[in-house]
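Peer 1: Sequence and computational prediction follow.
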Amino acid sequence: MRILIADDHTIVREGIIRILKEAFPFAEITDVCDSVDLMKHVLKGVWDVIICDISMPPGDSGLEAIKKIKEHTPRTPVIILSMHAVDQYAVRAIRAGASGYLTKDAATLELVKAVNHVLSHRKYLSPEVADAMADAFENDNSNLSVENLSDREFEVFKLLASGKSVSEIAQQLILSPNTISTFRAKINEKMGFRNNMELIKYAIDNKLI
């Protein structure tokens, strides 16, 4: 079995490897630290499971990486391992093509179970993720829901809400400042924000930061 791990924190990668080695002692495990190296390994190899973080600056987010992985190798299961709460990214990750979503806090207990699930061609949906998906389905009709933002718009939204400037976001995502400004304008239009303060207030009120 070949497993590919992508996370920008060395200590996290080492912890994941330790957990997987105990459960799958004969597995070949490769780890990378960003989305660029992730895609290089995806394109040149065959993997049984890919485990990646949702945020690996600089470059594509885990959401964008899932889409690219699925375009190249649709049957390869991808498990997202994230520091973000389930209600923030899980639904987007599953919609993008992920086979499972785990918070890093739950990884020690759930990672091996999730890997076994996806190896059996099943999605791993913890009760938390299932609840989040049900809530998202109920809220799909809300005109002012972040669910109406594209994955890239949501990523920019989160970075703006955290206080980053357009130039800082452009550098992190390896995009031009003009592109980020365009995303910001689309976010404001879709969400009805008149300025960054309203965006930040919405993010705080809805526990998105």
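Peer 2: Here it is on my side, so go on. None of the values given here were measured: they were computed from a predicted structure.
Peer 1: drop to CA atoms for contacts and neighbour counts, all remaining ones
Peer 2: Noted.
Peer 1: Assumed R92 was part of a helix.
Peer 2: Yes - assigned with DSSP: H, G, I helix; E, B strand; the rest coil, R92 falls within a helix.
Peer 1: To what extent is it buried, counted in neighbours?
Peer 2: By other CA atoms under 10 Å, 20 other residues sit near R92.
Peer 1: Of all residues in the chain, which one is nearest the centre?
Peer 2: The residue lying closest to the centre of the chain (CA atoms, centre = their mean) is I54, at 2.9 Å.
Peer 1: Report the contact partners of the nearest residue to S55 once chain neighbours are set aside.
Peer 2: In this structure, S55 finds its nearest non-sequential neighbour in S61, 5.1 Å apart by CA to CA, 6 or more residues apart in numbering. By CA atoms under 8 Å, 6 or more residues apart in numbering, the contact set of S61 is S35, I54, S55, E155.
Peer 1: let's see 10 Å
Peer 2: Listed by CA atoms under 10 Å, 6 or more residues apart in numbering, the contact set of S61 reads D34, S35, C52, D53, I54, S55, D151, R152, E155, L173.
Peer 1: any idea how far V156 is from it?
Peer 2: 11 Å (CA to CA, to the nearest Å).
Peer 1: which neighbours do these two share?
Peer 2: Common contact partners of S61 and V156 (CA under 10 Å, 6+ apart): L173.
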